[in-house]
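>>> Curious how this folds, go ahead:
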Amino acid sequence: MAWRGQLSRYIKEIRFLLSPNSPSSAATKTFIENHYKDLKTKNPKLPILIREATGIEPQLWARYDMGIERGFFLEGLSEEQISKALEDLSKGGAAASLKG
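Here you go, the predicted model:
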C-alpha cells in the first residue's frame, strides 16, 4: 500500500462524510477508526476531514489542484472497498496532474 504515503502528492484535501448512528455509515466509521492514524502519519500535512451529519449518505471526497473534486458514495461498501476507492482517488489525482 505504498500509494498511502503518496496521497498528499496530488490530493489537497480528503473529506469523509457520514451519519454517526446510521448502519449505512458503519463501514466508513470503522475504516476511519482503523486507518486514520496510518494515513495521517504518512501524510502529516494533508487535511483529512471527517464530517458527521444525521441522515447523510456516507461519502468520500478528494480535492485536487484548482478546486477540482471527485468523490464516491460509500453506502454498502466494505472497509476494503473504501480503501480501494481512496486508492482510485489518489490515482485520479496523479492522472489529472499528468494531463495538466
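
>>> Please tell me how far the residue lying closest to residue 85 once chain neighbours are set aside sits from residue 46.
Nearest residue to residue 85, sequence neighbours excluded (CB to CB, 6 or more residues apart in numbering): residue 72, at 4.3 Å. Where C-beta positions appear, they are placed from N, C-alpha and C, glycine not excepted. Distance, residue 72 to residue 46, using CB to CB, to the nearest Å: 18 Å.

>>> Who has more neighbours out of the two?
Each of residue 72 and residue 46 has its neighbours counted (other CB atoms under 10 Å); residue 72 has more, 18 against 15.

>>> Can you name every helix or strand that the helix or strand hosting that one contacts?
Element membership for residue 72, per DSSP states H and E: strand 69-73. Judged by 3 or more CB pairs under 8 Å, 6 or more residues apart in numbering; DSSP states H and E, strand 69-73 is in contact with strand 59-63, helix 79-99.

>>> Please identify the most buried of the ones you listed.
Mean neighbour counts were compared across those using mean count of other CB atoms under 10 Å; the top stretch is strand 59-63, at a mean of 20.

>>> Can you check what angle separates that strand from strand 69-73?
170 degrees (axes from the mean of the first three to the mean of the last three CA atoms, to 10 degrees).

>>> So what are the sheet partners of strand 59-63 and their directions?
strand 13-18 (antiparallel), strand 69-73 (antiparallel) (DSSP bridges).

>>> Good, we can wrap up now.
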